[in-house]
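Student: Take this sequence and fold it.
(chains A, B, C and D)
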There are 2 protein chains.
Amino acid sequence: MKSFSPVSSNKLYIQIYNQIHDAIISGQYEVGDRLPSEKDLCAMFNVSRVPVREALSALELNGLVDSMQGAGVYVKRTTPEKDDWTHEVEPQDIIRARMVLEPDIARLAAEQINEEQRAELRDIIERFKEEADEDVYTTTVDKEFHLFLAKTSGNTLYVMMMEMVFKTMEQRMWELILSRTVATKKYREQNNREHLHIAQAVLDGRADDAYAFMKDHMEQLYERYWS
Amino acid sequence: MKSFSPVSSNKLYIQIYNQIHDAIISGQYEVGDRLPSEKDLCAMFNVSRVPVREALSALELNGLVDSMQGAGVYVKRTTPEKDDWTHEVEPQDIIRARMVLEPDIARLAAEQINEEQRAELRDIIERFKEEADEDVYTTTVDKEFHLFLAKTSGNTLYVMMMEMVFKTMEQRMWELILSRTVATKKYREQNNREHLHIAQAVLDGRADDAYAFMKDHMEQLYERYWS
DNA sequence: ATGGTATAATTGTCTGACAACATGATTGTG
DNA sequence: CACAATCATGTTGTCAGACAATTATACCAT
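Tutor: The predicted model follows:
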């Protein structure tokens, strides 16, 4: 493999780490390749074993390489941590998850809402009404509404799950799909009506209604998507 | 701050790294705190400076600490608050979310399972039976089963949500709660029966049964927890 | 060819030393 | 007394050499 450049200044092990790290993730090494031995690396970088070992141990603890006593240091993976699962989420996956989750969230929210949260919800309702008059359709208030319900449910797992949902929706331009469905004027009005029904049920503490209205709302979304 | 335990075997710098890493992300150190000097750490771990420095340089290259020559090693971050939501998840939150999610996951899994996955599921069933004879109760196969269903459902959001659930369960020693409920012999047998019923329904593609059995299973969990 | 053994290569750890730098105490001077 | 320069001390960064533990390889006898 390639030779490394001798290092010059300011914390050798950092420069050595960066050089080897870049060499690995840039694909100069394949998975399973063996790095040069520490002795060779010392010669390449023109340093002692200490900074080389500090760099290598950091790479190992980062999961990039695997060092085995007596054998050598082997490349374990050449790609940075991929938590990029959003690309394999299909639109129907999101709708399905929301159909299952959100009615229960609405019910819990209606059961547990307090005065402070009622004020916040009224504020959101106002913004829904303002938004109804505008020409452009945005999903910010929509998102805010559903996340508010999750928070009000008091179940932190629901909050995190809904944030996952919306993060995924943003990551993949769902705007396009929305533009074909709820973004049209007719559907926007219906959407608004449904939101207001749910909000009112939550405000009144009518848990069963909140559940039912949210279920309807989600089923509407489902049908609109598949039509 | 606290003292560290002397290390014993098998790559000292890994154990040292883990101990310091855990001490930092668990909040035993605030941002800006100074770690003990290398000399002190050597005394605490009862090792030489070499593995201590290898662990510290890895922490620095991971961005957790900042080591300044002549001054000391200072904590840079204690892990973003983002990952720190698990502590506010209550046990009933987890049960509630699972009650809502998992029946639908089971249904989807039964609808979409293919031959390869059937083989994997049979393998899991075998391990359930092996585990039934052992004395100690572990949750590894249980977790594997439920995560398998999520994967088989084909809904990546469900997979991520279930991973969230189990990660949370592990983070907050649910073992303790389990030891009071499902860990007892009587419940373990019932648990096993329920799992096998669900698995068989999924294997046969009986979606409605898978849904119903999983719902029962979750309701059983719910009742066991609250009793 | 095959299997076992000796040898070499490689990583893991220790010890001791010194250089580079930061901080606070000491001292000297106005 | 105030203040600045100097020094002592503690800390991290690096070097050199050594040995232990483990693995891979070469060699040899059968």
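
Student: quick one, longest helix in chain A?
Tutor: If you go by DSSP state H, chain A has its longest helix at helix A:91-112.

Student: got a list of contacts for stretch A:103-123?
Tutor: A:146, A:148-150, A:152-155, A:158, A:162, A:198-199, A:201-215, A:218, B:96, B:100 (C-beta atoms under 8 Å, 6 or more residues apart in numbering or on different chains). To be clear about C-beta, it is placed using only N, CA and C from the backbone, and glycine gets the same treatment.

Student: just the angle between the longest helix of chain A and helix B:91-112, please?
Tutor: If you take axes from the mean of the first three to the mean of the last three C-alpha atoms, to 10 degrees, helix A:91-112 sits at 150 degrees to helix B:91-112.

Student: ok, A:E60 touching A:S67?
Tutor: Yes - A:E60 lies in contact with A:S67 (C-beta atoms under 8 Å); the separation is 5.3 Å.

Student: okay, and the common contacts of these two?
Tutor: With C-beta under 8 Å, 6+ apart, A:E60 and A:S67 have common neighbours A:V73.

Student: Of these two, give the one with the bigger neighbour count.
Tutor: Comparing A:E60 with A:S67 by other C-beta atoms under 10 Å in any protein chain shown, the one with more neighbours is A:E60, at 20 against 17.

Student: tell me which residues of whichever strand or helix holds that one are tucked away?
Tutor: In the assignment (DSSP states H and E), A:E60 maps to helix A:49-61. Residues of helix A:49-61 classed as buried by neighbour count (16 or more other C-beta atoms under 10 Å in any protein chain shown): A:50-61.

Student: For A:S153, grab the count of nearby residues.
Tutor: 26.

Student: which ones are touching it?
Tutor: Contacts of A:S153 (C-beta under 8 Å, 6+ apart): A:104-105, A:108-109, A:112, A:159.

Student: Please report how far the residue located most distally from the centre of chain A lies from A:S67.
Tutor: Distance from the centre of chain A peaks at A:A43, with 43.9 Å (C-alpha atoms, centre = their mean). Computed as C-beta to C-beta, to the nearest Å, the A:A43 to A:S67 distance reads 18 Å.

Student: Tell me the helix or strand right after the helix or strand of chain A with the lowest mean pLDDT.
Tutor: Across the helices and strands of chain A, mean pLDDT, DSSP states H and E gives its lowest value to helix A:174-180, namely a mean of 59. Heading C-terminal from helix A:174-180, the first helix or strand you meet, by DSSP H and E, is helix A:185-204.

Student: Just the pLDDT for A:S8.
Tutor: The per-residue pLDDT reported for A:S8 equals 44.

Student: so what secondary structure elements neighbour the helix or strand encompassing A:Q19?
Tutor: Per DSSP H and E: A:Q19 is located in helix A:12-25. Here helix A:12-25 touches helix A:38-45, helix A:49-61, helix B:49-61, going by 3 or more C-beta pairs under 8 Å, 6 or more residues apart in numbering or on different chains; DSSP states H and E.

Student: mind redoing it with 10 Å?
Tutor: Contacts defined by 3 or more C-beta pairs under 10 Å, 6 or more residues apart in numbering or on different chains; DSSP states H and E place helix A:12-25 against helix A:38-45, helix A:49-61, strand A:65-68, strand A:72-75, helix B:49-61.

Student: Show me the one of these that comes nearest DNA strand D.
Tutor: helix A:49-61 (4.2 Å; C-beta to the nearest atom of the strand).

Student: any idea of the pLDDT on whichever residue of chain A sits closest to DNA strand D?
Tutor: The minimum distance from chain A to DNA strand D, using C-beta to the nearest atom of the strand, falls at A:G70 (2.1 Å). Per-residue confidence (pLDDT) for A:G70: 90.
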